[in-house]
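**Student:** Below are the sequence and a predicted model; questions follow.
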Amino acid sequence: MTERPRYPGYDVLAKRDTPSWDAKTREVIAQRLATPDAPRFFSAEEWRIADALCQCILPQTDEGDPVSLVALLDSKLLADNGDGFREAAMPYMRDAWRQGLAAIDGEAKARHDSRGFAILTDCERNALLLAMQSGEVNGDRWSGLDAKAFFERRILVDVPALYYAHPKAWNEIGFGGPASPRGYVRLDGDRPDPWEAAEAEPGQERVAEQRNDHVI
Amino acid sequence: MREYRESDAVDFVIVGTGAGGGTLAALLAEQGFSVIAFDAGGYFRPLEDFASDETAQNQLYWTDKRVLDGPNPIKMGGNNSGKAVGGSTVHYAMVALRFRPEWFKSRTALGYGADWPISWQEMWHYYGIAERQINISGPLTYPWGPKRPRYPYRAHELNTAGKLLAKGCEAIGIDWTETPLATLSAPHAGPEGKSPPCAYRGFCRFGCTTNAKRSALTVWIPRALAAGAEVRDLAMVGRIETGSDGRVTGVQYHRYGGWRFQRAKNVVVAGYAVETPRLLLNSANELYPDGLANSSGLVGRNLMTQTNAAVWGRMDEPVRWYKGPPSLAITEHWNYDDNKDFHGGYCWMGQGPLPIEWVSVQTGARGLWGEDLRRAMLDYNHMIGVKMVGEMLPNEANRVTLADDLDQYGLRVARITYAWGENDKALVNHSLEQMSASIQAIGAKDMFRQEDDTCHLGGTARMGSDPRASVVDADCRSWDIPNLWVCDGSVFPTVGGVNPSLTIQAIAIRTADRIGKLAAAGKL
C-alpha cells in the first residue's frame, strides 16, 4: 500500500514477554508464525493458484516480509479448521476449495488462451475475480459450484481472516493484540495505556515512532 | 469430582452444560439428586487453555457438520453455538437482560407469536434470583419496564464506544443505560469460588482468561461439582433410548472412541435450538417413529433467530473499541415503544469487534477486497458501530430437520432451514433507520449498513399449555414422555428483542424448583 503507516514503529510482538501475553497465547502465535511455507494440503498446482488468489485478495506488494497467506490457508485446510457447516448448494470447506481453485484456473484458461490463473497479470486476475463477485461467471467449468457464492462466502471469509490473524496486520491497524492477563486500565480511545499503539498525526510520525518504541 | 457407573440409573442425565443444562445441573445436585451432565465439548481451564486470540479460540464453537438451507440461511458459528463445558456462555458477550413483561403473553397482549405458559410476575422472581446468583453488574436504575431490584454489582465504566452510543441516543432523544453484564465490576467470592474483576482485555467473545466472566463454566459448574454432580466432557450423546413402557431409560453416548450407554431415571436435553431437536429426531424408534416428544409434530419447528443488523461509521477521534466488554451501553427504547407498524421489538448496543470479526464485516457487508479492503481496515481504531438484537417471529416452516450427511460420530447432521418474513424485514429496516440516525447525529462518517447478520436461536421445542401446540409444559417436561425434559433456548415460544441467556437461566432455575416440588409430591 502507498498509504503512510498509521502506527509507525509499533510492533505488537514487542509485548510478547510482557504481562499482555500469557503462555498459551505465546504458544499459539509462535505456531502461527512458524507455519511451513510449503504445501501439505494443496497439490503444487493448487498451491500456485491459491497463492495468486491470496495476493489479489490481500495484496502485499510494496512492503517487506509479506505474510504467506497461502501457507496459512493450506494449514487451515489441512486441519479442517472452519465453521463446520455447508450451505445446501455448496460442498464442505475442503471440497469447496479444491473444486473452486480448479474452476478458477479453468475459467482463466478459457478466457486467456490457456493461461492458468497463476500466470495471469494482476489486472487479468482481478477482472476474473470481479466477474465472479458480480455473478457473471458460471457454467460447466464450475461443476455446480456457484462462483459468486464461492467468492463471497468461502474466499472472502477464509482469506482475509488469515491476514488479520497475523501480528503484521495488527501493527498496521494499531490493534492492541493479545491482552491477557494485563488487559487495559484506560478505556478511552484518546487516552490509551502506554502499551497501546500510538497513532501518528500527519507530519508527526517521529513522535508516534518514539512512543511506539516504548510499547512494552 | 464424583463419578457414577454406567449401570447406575442416575436421577438425571443432562445433555449439555450451557445456560440451561449447567444451571440445572447445579440446582438439581444441590437438592440431592444424582446428576451426570454430559457435554460434547471439553472441560477447559481458562487460565491455562485459552489464548488471547480470535483464531485459536475457534475451539469453543460448535464446528461439526451442518447443512444450511432456505432463502436466508442462518450462518452458524461463534455467535450462536458452543462446544465446551459451559456451552456458549463461555464465549457469550455477557449481556444479561430481562424480557419485556408483555412478551410472555405476546399473542394475547400484543397480537403476535405465541403465549408463554408462565406469567411475567413469576419470571420477574426468577430473573431476580438469576441476577443475584450470577452477580450481574448493572446500572442503579433501569430505564425501561417495571421496577427491578438493584443489580448486585455496580455498572462497568464505559469505553469510548459506549460513551458514543450514549451520545447518539441522547442526540435522537431516546434513553440509554449501562448494559447489565455478567462480568464482575469488583472482586467476588461465593460458593463457586473466587473471581477477580474484569481486566477489560476485550476478548470476551473468545473466552475470558481471567474468570471475571460469569458463565455456566464459572458459576454453575463448580456448584454442580461441589454438590456431587459428575460432568462428563468430550461425550457426545447421539441417542436417547426408551423402554417398552415408553419412558426414557438412558442415553447412548460416544466417548473414548466408542459408543457407551448410561442409564438414567430422567433425561434433560439442553443442547440449544439446533442440537436439541436433532437429538430428539435422531432418537426415533418403533414406538416414536417421528422422534421423541414429537406427537405435536413441533420438534424442530418454529426455529427463530434474532436479527443482528448493524450500522458502522468512522469518527474523527480515536475510539479503540477493542478495550473492555464489547457492549457496555444499550438502548432498549424500541422494545418498549409500540408505536411501530410491525410486531416485535429490538435493542441495540455498542460494539467492539476484534480484527478478524471486523474484516468479516468489511467483506460481508461491503464486499471489499484487495487494496480497498486493506485501506478500509486502517481506520480500525476510529470506527464505531451500533448493533441490534431484534425479535424474529415464529414460523413453522423455519425448522431443524435431519440431513443425510453424517458427522464424525456417524450421526445424521442437522439441516437448518430459514426464511425471513415480511415482519422481520420491516423490523430490520426500522432499526437501521434509527441506528443510522443515532450515529449520524454524532458525526459518524462513511456510514454503512450490515443488514443480514443474525445471532441467538430459539424455539424448536416450544413450551406451552396445550400438548397439541407445544413440545414441553411450563416445567420444561415433555408432554409425551414424563421423564424426558428440555431445558434451553429451544423452549422459547418467542425470542423477544433481547439476548436470551438470562431468560434461559431463569427458566432453568424455575425448572429446578418445579422438579424439587414434583419429586416431593411423588410426581416425577
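**Tutor:** Received the coordinates, thanks.

**Student:** Helix or strand for B:Val237, just tell me which one.
**Tutor:** Following DSSP states H and E, one finds B:Val237 within strand B:236-242.

**Student:** can you check A:Asp158 too?
**Tutor:** helix A:156-163.

**Student:** Kindly report the same for A:Asp51.
**Tutor:** Counting by DSSP H and E, A:Asp51 is part of helix A:44-57.

**Student:** Only the buried residues of that helix, if you could.
**Tutor:** A:Glu46, A:Trp47, A:Arg48, A:Ile49, A:Ala50, A:Asp51, A:Ala52, A:Leu53, A:Cys54, A:Gln55, A:Cys56, A:Ile57 (16 or more other CB atoms under 10 Å in any protein chain shown). Bear in mind the C-beta positions are built from the backbone N, C-alpha and C, glycine included.

**Student:** now stretch B:304-317
**Tutor:** B:Met304, B:Thr305, B:Gln306, B:Thr307, B:Asn308, B:Ala309, B:Ala310, B:Val311, B:Trp312, B:Gly313, B:Arg314, B:Met315.

**Student:** for it, the distance to its chain's centre please.
**Tutor:** Distance of stretch B:304-317 from its chain centroid, counting by CA atoms, centre = their mean, to the nearest Å, is 20 Å.

**Student:** circling back to that earlier point, centre of the chain versus the strand holding B:Val237, how much separation?
**Tutor:** 23 Å.

**Student:** what comes into contact with the helix or strand that it is followed by?
**Tutor:** For strand B:236-242, the following helix or strand on the C-terminal side (DSSP H and E) is strand B:248-255. The contact list for strand B:248-255 (CB atoms under 8 Å, 6 or more residues apart in numbering or on different chains) reads B:9, B:13, B:15, B:38, B:232, B:234-243, B:259-264, B:266-267, B:292, B:409, B:481, B:483-484.

**Student:** In its sheet, which strands sit next to strand B:248-255, and in what direction?
**Tutor:** strand B:236-242 (antiparallel), strand B:258-263 (antiparallel) (DSSP bridges).

**Student:** tell me the most buried of these?
**Tutor:** Sort the strands paired with strand B:248-255 by mean neighbour count, taking mean count of other CB atoms under 10 Å in any protein chain shown, and strand B:236-242 sits at the top with a mean of 22.

**Student:** List the contacts of it.
**Tutor:** So strand B:236-242 is contacted by B:13, B:15, B:38, B:40, B:248-255, B:259, B:261, B:267, B:269, B:279-280, B:282-283, B:285, B:287-288, B:292, B:409, B:411, B:481, B:484 (CB under 8 Å, 6+ apart).

**Student:** The buried residues of stretch B:304-317 in strands, which ones?
**Tutor:** Mapping these onto strands (DSSP state E) picks out B:Met304, B:Thr305, B:Gln306, B:Thr307, B:Ala310, B:Val311, B:Trp312, B:Gly313, B:Arg314.

**Student:** quick revisit: and the helix holding A:Asp158 with helix A:44-57, angle?
**Tutor:** 80 degrees (axes from the mean of the first three to the mean of the last three CA atoms, to 10 degrees).

**Student:** which helices and strands sit right next to the helix or strand just after helix A:156-163?
**Tutor:** The C-terminal neighbour of helix A:156-163 among helices and strands, as given by DSSP H and E, is helix A:167-173. Helix A:167-173 sits against helix B:355-366, helix B:371-377, with contacts defined as 3 or more CB pairs under 8 Å, 6 or more residues apart in numbering or on different chains; DSSP states H and E.
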